[in-house]
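In: Quick one, fold the following:
(one chain, ligands or ions: 1)
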Amino acid sequence: MNLPRQMLAANVEWAEETITRDPQFFKELSQGQSPQVLWIGCSDSRVPAETITHCQPGDLFVHRNIANLFPPDDDNCSSVLEYAVRVLKVGHVIVCGHYGCGGVRAALLPPLPELPHVNRRIAPLCALAHTHRDELGAHPTDDARINRLAELNVLEQVQRLRNTAIVRDSQPAPLVHGWIFSLDDGRIKVVASGYADDAPSRK
Ligand SMILES: [Zn+2]
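Out: Next up, the predicted model:
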């Protein structure tokens with residue numbers, strides 16, 4: 001069986017299992033959505049938002065792109081934020097990066113001519129790497145530099161999100177959090193909490 005066909009067969013199984021477990025599930029799902037979280041994550045196939053947080057359909061409003069970037073002048077990102085905050089009234093915006101991110105790695109390497117869109121997209125990451133070149137240079141390995149830049153990138157996106165008029169002017173404003181997912185052990189580390197009294201920690 002080809003892969004798309006396998007996926008469609010799996011979908012039938014999933015729908016049947018779901019309705020067996022909860023006969024009201026699709027009835028409620030079709031009534032509308034009221035997610036409490038906007039998730040801004042990387043497109044990387046290994047970081048599926050719902051799977052790694054045990055969330056269900058309806059729990060997360062999701063935007064994913066290469067290296068979980070939030071360029072304020074990008075209508076794609078901004079429209080997602082605008083709708084999530086002003087219409088869905090989410091209480092939380094979570095930026096979730098991950099260690100070993102290919103987009104972050106690319107920002108530390110020479111640009112590849114065959115990837116002009118990616119190169120343009122990650123230009124702000126290259127600039128961020130340049131800003132923090134001394135700190136990054138102090139790390140002993142490429143992997144350590146990539147992982148630190150992934151953390152700095154999450155912090156940068158959190159700051160950008162908090163500075164948008166969409167977040168600032170909202171009453172109450174959603175809390176913006178910065179997380180990093182580790183492919184090594186599946187755990188999420190908090191690098192920026194939206195709660196003032198929450199020190200960054202692994203939890
Ligand atoms: Zn990534």
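In: So, low pLDDT: which residues of this structure?
Out: 198-203 (pLDDT under 70).
In: how about the one residue sitting closest to the centre of it, secondary structure?
Out: The residue lying closest to the centre of the chain (CA atoms, centre = their mean) is residue 41, at 1.4 Å. Classification of residue 41 using DSSP: H, G, I helix; E, B strand; the rest coil returns strand.
In: Quick check: buried residues in the longest helix anywhere in the chain?
Out: For the chain, the helix with the greatest residue count under DSSP state H is helix 142-162. By 16 or more other CB atoms under 10 Å, the buried positions in helix 142-162 come out as 145-158, 160-162. C-beta here means a position set from N, CA and C on the backbone, and glycine is covered the same way.
In: looking at it, residue 125 is touching residue 105, isn't it?
Out: No. With contacts counted by CB atoms under 8 Å, residue 125 stays clear of residue 105, the gap being 10.0 Å.
In: Show me which of those two is the more surrounded one.
Out: Ranked by neighbour count (other CB atoms under 10 Å), residue 125 and residue 105 place residue 125 first, with 24 against 19.
In: Spatially nearest residue to the more buried one, not counting backbone neighbours?
Out: residue 107 (3.7 Å; CB to CB, 6 or more residues apart in numbering).
In: Contacts only, for that neighbour.
Out: 67, 122, 125, 126, 128, 129, 149 (CB atoms under 8 Å, 6 or more residues apart in numbering).
In: Now do the contacts for the second one.
Out: To tie it back to what came earlier, the one meant is residue 122. Residues near residue 122 by CB under 8 Å, 6+ apart: 66, 67, 69, 103, 106, 107.
In: Over to residue 191. Which of the three states is it?
Out: strand.
In: Which of the helices or strands spans residue 167?
Out: If you go by DSSP states H and E, residue 167 is part of helix 165-168.
In: which secondary structure elements does the next helix or strand after that helix contact?
Out: Per DSSP H and E, the first helix or strand lying C-terminal to helix 165-168 is strand 175-181. Using 3 or more CB pairs under 8 Å, 6 or more residues apart in numbering; DSSP states H and E, the elements in contact with strand 175-181 are strand 92-98, helix 142-162, strand 188-192.
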